[in-house]
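>>> sequence-free structure coming up:
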């Protein structure tokens, strides 16, 4: 474990900048049992910031594996009412939510994909209201991570267990700017840069983006009228600025669900339901995946795309400089929270309604009519490369503007 000063600085960052916890607010922490020491530090910092109550929701992926392997398949179509009520009730009370995303990337590789998909569909349907509140920023929320033994050894396979965890802790703390002076102040400066990038993109009002690189990506992504770029912190519906992911290096918006055409090649593996999908290539027409392949995990990709109608459409367009500190670390984290911040990425599935002007006030049918995709899932996959070029076409006059040159933002 790192020194106590660094750990407390990290916990303080999550509470103060991540969820921006307010006095007398409830904090719900979703944590794997292996991450209990850091979850407890979060609780201490939250109470120090005036929390009314800190509520722990523990998970155990090894127990989950036993269930997926041995339980009757019918159980995966069910979702406990008490668990639905737990999240919905706390959300309605205005709670903030911290989720610690840390798992063995290979934990479910021997589990039949259909079992995982059924469980995901059941959870998605039961937690629809809760997840809608978070995606509409009705509650503040933040996803963070700390090492677990199995994850660390996946990232550093040649190291001893102790060395692997130490090296992963070092990489995570560097990614969240701990140990480089005042982390909270460093994050305020970083957030200001991302806000400037989003403001530049919003001022252009692009009708479409064109992605190309030498790997074979040649993709047109149309953007709906009234789309909004966001990045860094964003306001909750009560005006509280929070950071949904720590770390974050992206500015993002939503595509038109029927406006994606061409081919895109993934540049990093996607970890999905405890399995790896590598060497992914997708072809789109009218927003829908019409052909796909993967060098590894193609059946898992097939299951992902078949989750529901919206899973084979895109819900997010995110821009991340190739020179991001996470990419420069040279590590493949096998964890989307980090890997998505190493490269430009797209996401299958649900779009954020907050990325459409007035979208948080629209019903699902109205959002669909405006080109906003809906799905039970939201899965990011990375497409950025050193030679990635992105050109934007302005809606007003059809003029073209360089957005990315050689993998990084063009001057703005």
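Done, it's in. Every value quoted in this text rests on a predicted model; they were computed, and no experiment measured them.
>>> residue contacts, residue 265?
Residue 265 is in contact with 213, 215, 216, 217, 280, 281, 383, counting by CB atoms under 8 Å, 6 or more residues apart in numbering. Where you see a C-beta, it was placed from the backbone N, CA and C, and this is true even at glycine.
>>> cool, and residue 299?
Neighbouring residues of residue 299 by CB under 8 Å, 6+ apart: residue 113.
>>> Quick check on it: phi, psi?
In terms of degrees, to the nearest 10, the main-chain angles of residue 299 are phi -70, psi -40.
>>> do you know how far it is from residue 275?
In this structure, residue 299 and residue 275 are 9 Å apart, going by CB to CB, to the nearest Å.
>>> Show me whatever sits in contact with both of these two.
Common neighbours of residue 299 and residue 275, using CB under 8 Å, 6+ apart, are residue 113.
>>> Can you tell me the element the most centrally placed residue in the chain falls in?
Geometric centre of the chain, nearest residue: residue 337, 5.6 Å, by CA atoms, centre = their mean. Using DSSP states H and E, residue 337 falls within helix 336-339.
>>> swap in residue 200?
If you go by DSSP H and E, residue 200 is part of helix 183-204.
>>> Adjacent strands (with direction) for the helix or strand following that helix?
Using DSSP H and E, the helix or strand that follows helix 183-204 towards the C-terminus is strand 206-212. Strand 206-212 sits in its sheet next to strand 218-222 (antiparallel), strand 389-394 (antiparallel), going by DSSP bridges.
>>> can you put those strands in CSV and add distance to residue 47 and mean pLDDT?
Putting these into CSV (distance: least, CB to CB, whole Å; pLDDT from 0 to 100) gives the following:
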stretch, distance to residue 47, mean pLDDT
strand 218-222, 44, 98
strand 389-394, 45, 98
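>>> Of those strands, give the one that comes closest to residue 154.
Closest to residue 154 of those is strand 218-222 (CB to CB; 30.0 Å).
>>> So which bits of the closest one are buried?
For strand 218-222, the neighbour count (16 or more other CB atoms under 10 Å) marks 219, 221, 222 as buried.
>>> could I get those residues as TSV with distance to residue 251?
As requested, the buried residues of strand 218-222 are exported to TSV (distance: CB to CB, whole Å):
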residue	distance to residue 251
219	18
221	14
222	18
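>>> What is the nearest of the residues you listed to residue 318?
When those are compared for distance to residue 318 (CB to CB), residue 221 wins out at 11.2 Å.
>>> thinking the closest one is in contact with residue 209, fair?
Yes: using CB atoms under 8 Å as the test, residue 221 is close enough to residue 209 to be in contact (4.7 Å).
>>> Need the overlap of contacts for those two.
Common neighbours of residue 221 and residue 209 (CB under 8 Å, 6+ apart) are residue 317.
>>> List the residues that contact the residue nearest to residue 359 when sequence neighbours are not counted.
The shortest distance from residue 359 to any non-neighbouring residue, by CB to CB, 6 or more residues apart in numbering, is to residue 353 (3.7 Å). Neighbouring residues of residue 353 by CB under 8 Å, 6+ apart: 135, 136, 359, 360, 362, 367, 372.
>>> returning to that earlier point: can you pick the most crowded of the contacts of residue 265?
Counting neighbours by other CB atoms under 10 Å, residue 383 comes out on top of those with 25 neighbours.
>>> List the residues that contact that residue.
By CB under 8 Å, 6+ apart, the residues touching residue 383 are 211, 217, 264, 265, 266, 267, 343, 344, 345, 346.
>>> go with 10 Å
Shown in contact with residue 383 (CB atoms under 10 Å, 6 or more residues apart in numbering): 211, 213, 215, 217, 219, 264-268, 280, 282, 317-318, 320, 343-346.
>>> That one and residue 223: what is the separation?
When CB to CB is the yardstick, residue 383 and residue 223 sit 16 Å from each other.
>>> Please report the distance of residue 121 from residue 128.
11 Å.
>>> Give the intersection of the neighbour lists for these two.
With contacts taken as CB under 10 Å, 6+ apart, residue 121 and residue 128 have residue 376 as neighbours in common.
>>> neighbour-wise, which of these two wins?
Higher neighbour count among residue 121 and residue 128: residue 121, with 17 against 14, using other CB under 10 Å.
>>> How about the more buried one, nearest residue that isn't a chain neighbour?
Spatial nearest neighbour of residue 121, excluding adjacent residues (CB to CB, 6+ apart): residue 376 at 6.0 Å.
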